[in-house]
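Engineer: Quick one, structure for this:
(4 chains)
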Protein chains: 2
Amino acid sequence: MMMQNCVSEAFLERVPIYLNHLEVYQDEFISATTLANQLNLGEVLVRKDLAKISYGGKPKIGYIVSDLIIDIKSFMGYDQKSNAIIVGMGQLGKSLYQYPGFLKYNIEITQAFDISSYYKNPEFIKSYCENVKVDVGIITVPKEAAQNICDLFVDAGIKAIWNFSPVRLSVPDEIIVQNINLAESLSILIKHLNDKENQI
Amino acid sequence: MMMQNCVSEAFLERVPIYLNHLEVYQDEFISATTLANQLNLGEVLVRKDLAKISYGGKPKIGYIVSDLIIDIKSFMGYDQKSNAIIVGMGQLGKSLYQYPGFLKYNIEITQAFDISSYYKNPEFIKSYCENVKVDVGIITVPKEAAQNICDLFVDAGIKAIWNFSPVRLSVPDEIIVQNINLAESLSILIKHLNDKENQI
DNA sequence: TAGATTGTTAATCGATTAACAATC
DNA sequence: TAGATTGTTAATCGATTAACAATC
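Structural biologist: Okay, the predicted model is just below:
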């Protein structure tokens, strides 16, 4: 019923899970209760989440699945094309550049640069961004170059950075940075595992 | 002072940040206050975090940096070798297999399998795990094969799964699964960006 | 109407922050 | 001793859950 407001990180991570489930759901209607049970989530939680996303379900019936899918896509912005560019064409950079999974979310990595572009033409990012709307800059360069590329992104007017280098970037307040550190993430999984084994 | 207990996810994600900072810190001692300020975190938060990890600092002095580094590594288990295997040798699988960043956390991907191994020898994972202690199984196969590979991991006695496929795996209760969905993660970053732009 | 479901208001829980006492 | 820092106890805040009222 009410749109926006109260968009916590945890909530935003649940929304794509709802979408995935709905897209393979074989029925015209679904209740928040059903969705909650099938995903092992609290039913009030799901109901409140859906209330933030959609204009509401009908008592006794629930939500119309196809409408809910549209509402989720609209809420998350998946109905709008987003563009990203990536700098750093090592293995990880290449794999992201070729990754087909972004298509589902209407995201395209429109251009990839190798770090060597920087030496040839330090303005390469800025000139590209003058012609193409770039929403996100992706950093997959070695850590020594990360801050440097970050600065070029900011200078080119990019407002969101997806950073795969293990460096805490310094950026102006208005720039959003999301750090992805795969090794750290795996190490935390192993920590959980070790704790569990030593528990009993 | 007290070890273990209260190990929330948010806390575990801060620990590697502390470690990174300490490893480049150029002094013998550091206070929780200093660490907090330099990382833009609350000082009581950092103090409580460190109390969970280390045997304590000294009033007026703070923590001995080299000791704190050792305590963090020990707490997180970075002083113990961990092994992983990976199934799925697409671009993403290859890039993880060759990723040098795991070394820092004493994690090694000791073996990589392509999905075709499965057809040649469905027991390939199980036989490998009989000879080598495997802590984590990594799934980078296409979504159609993900549950299948997951089942093989569980059957081989692997207790932790790092899943890059966009599938919610079903596993026995005692198995830990961590899902990494890169496209989803990027889409959430873009959602934040769009919200921010539409805010004012 | 009765019942399943919705949406809302109040209670709980856990993480963070603030205020304080202890120590070298 | 005075002061900087530690560790702890109480308060706040936000997310989740429980209890309830509204609706078709």
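Engineer: in chain A, what secondary structure element scores lowest on mean pLDDT?
Structural biologist: helix A:116-120 (a mean of 86; mean pLDDT, DSSP states H and E).
Engineer: Alpha carbons only: can I get the helix or strand following it in CSV?
Structural biologist: Next along the chain after helix A:116-120, taking DSSP states H and E as the criterion, comes helix A:124-131. What follows is helix A:124-131, C-alpha atoms only, in CSV (Å, rounded to 0.1, in the frame of the first residue of the first chain):
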residue,chain,number,x,y,z
PHE,A,124,39.3,7.2,-21.6
ILE,A,125,36.6,6.8,-18.9
LYS,A,126,35.5,10.4,-19.0
SER,A,127,35.2,10.5,-22.8
TYR,A,128,33.2,7.3,-22.8
CYS,A,129,30.8,8.7,-20.2
GLU,A,130,30.2,11.8,-22.2
ASN,A,131,28.5,9.7,-24.8
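Engineer: Do me a favour and average the pLDDT over helix A:124-131.
Structural biologist: What helix A:124-131 shows for mean pLDDT is 95.
Engineer: mind checking how far the helix or strand just after that helix is from the chain centre?
Structural biologist: Remark: after helix A:124-131, the chain's next helix or strand is strand A:136-139, criterion DSSP H and E. Distance of strand A:136-139 from the chain centroid (Cα atoms, centre = their mean, to the nearest Å) equals 12 Å.
Engineer: for the following helix or strand past strand A:136-139, packing partners?
Structural biologist: Later in the chain than strand A:136-139, the nearest helix or strand by DSSP H and E is helix A:143-155. Counting contacts by 3 or more Cβ pairs under 8 Å, 6 or more residues apart in numbering or on different chains; DSSP states H and E, helix A:143-155 packs against helix A:116-120, helix A:124-131, strand A:136-139, strand A:160-163. The C-beta positions use only the backbone N, C-alpha and C, and glycine is treated the same way.
Engineer: Can you mark which positions in stretch A:48-67 are buried?
Structural biologist: A:49-54, A:57, A:62-65 (16 or more other Cβ atoms under 10 Å in any protein chain shown).
Engineer: oh sorry, the question was meant for stretch A:97-116
Structural biologist: Under the neighbour-count criterion of 16+ other Cβ under 10 Å, stretch A:97-116 has A:97, A:99, A:101-102, A:104-107, A:109-113, A:115 buried.
Engineer: if I pick A:Asn121, what's in contact with it?
Structural biologist: A:Ser127 (Cβ atoms under 8 Å, 6 or more residues apart in numbering or on different chains).
Engineer: For it, what are phi and psi?
Structural biologist: Backbone geometry at A:Asn121, expressed as degrees, to the nearest 10, gives phi -150, psi 90.
Engineer: Please report how far it lies from A:Thr140.
Structural biologist: Applying Cβ to Cβ, to the nearest Å, one obtains 19 Å for the distance of A:Asn121 from A:Thr140.
Engineer: Which residue does chain A have closest to DNA strand C?
Structural biologist: In chain A, the residue that lies nearest DNA strand C is A:Gly56 (2.7 Å; Cβ to the nearest atom of the strand).
Engineer: element containing A:Gln38, please.
Structural biologist: helix A:32-39.
Engineer: State which helix of chain A is the longest.
Structural biologist: Longest helix in chain A by number of residues (criterion: DSSP state H): helix A:182-199.
Engineer: so what does it touch, helix or strand wise?
Structural biologist: Packing contacts for helix A:182-199, counted by 3+ Cβ pairs under 8 Å, 6+ apart, involve helix B:9-23, strand B:107-113, strand B:136-139, strand B:160-163, strand B:176-179.
Engineer: will you turn those into CSV that also has distance to A:Leu35?
Structural biologist: Converted to CSV, the helices and strands packed on helix A:182-199 look like this (distance: least, Cβ to Cβ, whole Å):
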stretch, distance to A:Leu35
helix B:9-23, 24
strand B:107-113, 35
strand B:136-139, 25
strand B:160-163, 22
strand B:176-179, 18
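Engineer: Out of the ones you listed, the one nearest A:Phe75 is which?
Structural biologist: strand B:176-179 (21.2 Å; Cβ to Cβ).
Engineer: which other helices and strands contact the closest one?
Structural biologist: helix A:182-199, strand B:160-163.
Engineer: most packed of these?
Structural biologist: Compared across those, strand B:160-163 shows the largest average neighbour count, a mean of 23 (mean count of other Cβ atoms under 10 Å in any protein chain shown).
Engineer: Are that strand and chain A in contact anywhere?
Structural biologist: Yes. Against chain A, strand B:160-163 shows contacts by Cβ under 8 Å from any Cβ of the partner chain at B:160, B:162.
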